[in-house]
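1. Predicted model follows, preceded by the sequence.
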Amino acid sequence: MTAAQLDKIRLELRRGVLVLAVLSSLQQPHYGYSLRQQLQAKGIDIDEGTLYPLVRRLADQGLLESEWRHAEGRERRYYQLSAHGHTLLAPLIEEWQGLNSALTDVLSETMGQQTTPNVS
Amino acid sequence: MNLVERYIAAVQRELPEKKRDEIGRELKANILDELDAIKSEQSQLTDQEIARVLKKLGHPREVAHQFVPPSPFIHTAYMGLYKNTLGLVLGLLFVLQVFSSAMAWTSHDTFSIFRFMLSVLQGFLEQGYFAFTAITITYWLMSRQQKQPTLACSKSWQPTELPAVGPAWQHIKLHDIFMNLASYIFFLVVIWSPHSMLFSAQALAAFYWATPVILLGMVASVWQLRTRLWSQKSLFLNAVVNVLLGGIALYTARLNPLLLHQAEAASGLFSVAQLERSATVFLVVVGLLMFFEGLRDGKRARVLT
């Protein structure tokens, strides 16, 4: 497998998960940079070029609401989960937990097979 | 900070006008936050540092596309239909142009292959530009009207309603439907165009009889666009249309004269006898092909019983 293929699959793998991470983090209001910092602190490293447009797209879909706030001579756009976003978040988390649990089983079997020595 | 302004402007240039200000304002706020964070760690912010941050953010065009992903000019659900429509119309225009240029070519006292090819190319491009634009704009409008075109894929479909597994030929290819439509339109144009005045009255009368059969074939082809699967009834109908058209073609082929004697005036290159023979051979070939297809469809209809 080439590095380009690996990157493509990684990107696909992360795409849905990042949406869930962003929605979950935005239960508290955040502006772009602070959201990125929070995700990074929890081990989710996401490029600015991906995160900021993603947040905006989620807002366009009505999952987030936003407002401009002015402080220290600077303006920042704060995002927070909307009522619609709240409604969707619970079933999405449930879906993710179900998937994660099933996937852990599948992957542990695969990892087990890989570590079993070949006796033939 | 000049670099930041230039970067924001470059992103904004790639955005739709109504979103430029808002996205630019938000992007600038985010970039300034990033730069503030670096500034708090270092005493001063160099242009190299700013350039590194902007480079990491991505190429302005890429970032703009992330904010507002470009939508295809023609929806992917319509792409197959669009390509086939273009193929049908442009193919038909080309064949008709060759036909028309050939008629003009043979009536010249002095003929040159170069002039003939130039006439085909010129005529085809003139009509082709218009046809291409008209078709593209039509599909563009269709794509804009619905975000999720469904075509024949209704949401209320049921797996139990799917047809039984049949032979491979039972599936009607989109390309075949459009080829049939193109052939029908070509014959209609040949029959009803001013060029048809070269045919004798008897031949024209026989051709006029073919018109309702051709129209029936066109309706059946349009219906096939919906179903895309041969049924016993549609095969039977197709067989009848092909046999009737084949019969008319073979009947017309045995008429004498097939062409008007006035055709001689338009025959600078070939004699009337040669033109008569060519038209007869063409009609016999078309007739036999139609008969073959009619018989084939009849046999297939029996298989489906």
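-> Structure's in. What do you need? Residues are numbered from 1 along each chain as shown, chains lettered A, B, ... in the order given.
2. Touching, residue B:206 and residue B:253? I think so.
-> No - the pair residue B:206 and residue B:253 fails to qualify as a contact (C-beta atoms under 8 Å) at a distance of 9.7 Å. Backbone N, C-alpha and C define where each C-beta goes, glycine included.
3. how near is residue A:42 to chain B?
-> With distances defined as C-beta to the nearest C-beta, to the nearest Å, the gap from residue A:42 to chain B amounts to 18 Å.
4. for that residue, what are its contacts?
-> For residue A:42, the contact set (C-beta atoms under 8 Å, 6 or more residues apart in numbering or on different chains) is empty.
5. Give me the pLDDT for it.
-> pLDDT, residue A:42: 92.
6. ok, now residue B:273?
-> Per-residue confidence at residue B:273 stands at 77 (pLDDT).
7. same thing with residue B:162?
-> At residue B:162 the predicted local confidence, pLDDT, stands at 76.
8. Just give me the neighbour total for it.
-> Counted with other C-beta atoms under 10 Å in any protein chain shown, the neighbours of residue B:162 add up to 9.
9. gap between it and residue B:61?
-> Between residue B:162 and residue B:61 the computed distance is 45 Å (C-beta to C-beta, to the nearest Å).
10. for the helix or strand hosting residue B:182, packing partners?
-> Mapping residue B:182 onto the secondary structure by DSSP states H and E places it in helix B:174-192. If you count contacts as 3 or more C-beta pairs under 8 Å, 6 or more residues apart in numbering or on different chains; DSSP states H and E, helix B:174-192 packs onto helix B:76-106, helix B:201-227.
11. Go through those helices and name the closest to chain A.
-> In terms of C-beta to the nearest C-beta, the element of the helices and strands packed on helix B:174-192 nearest to chain A is helix B:76-106, at 18.6 Å.
12. quick one: average confidence on that closest one?
-> When pLDDT is averaged over helix B:76-106, the result is 84.
13. and the residue positioned nearest the centre of chain A, what is it in contact with?
-> Averaging the C-alpha coordinates of chain A gives a centre point, and the residue nearest to it by C-alpha atoms, centre = their mean is residue A:18 (1.7 Å). With contacts defined as C-beta under 8 Å, 6+ apart, the neighbours of residue A:18 are A:44, A:46, A:50, A:51, A:54.
14. and if we set it to 6 Å?
-> Under the criterion of C-beta atoms under 6 Å, 6 or more residues apart in numbering or on different chains, the contact list for residue A:18 is empty.
15. Give the residue spans of chain A that score low on pLDDT.
-> In the predicted model, chain A carries pLDDT under 70 at residues A:1, A:114-120.
16. Tell me how many other residues surround residue A:47.
-> For residue A:47, the tally of surrounding residues (other C-beta under 10 Å) stands at 13.
17. State the phi and psi torsions of it.
-> As for residue A:47, its main-chain torsions (degrees, to the nearest 10) stand at phi -60, psi 150.
18. swap in residue A:81?
-> Taking degrees, to the nearest 10 as the convention, residue A:81 sits at phi -60, psi 130.
19. Nice, that's everything, thank you.
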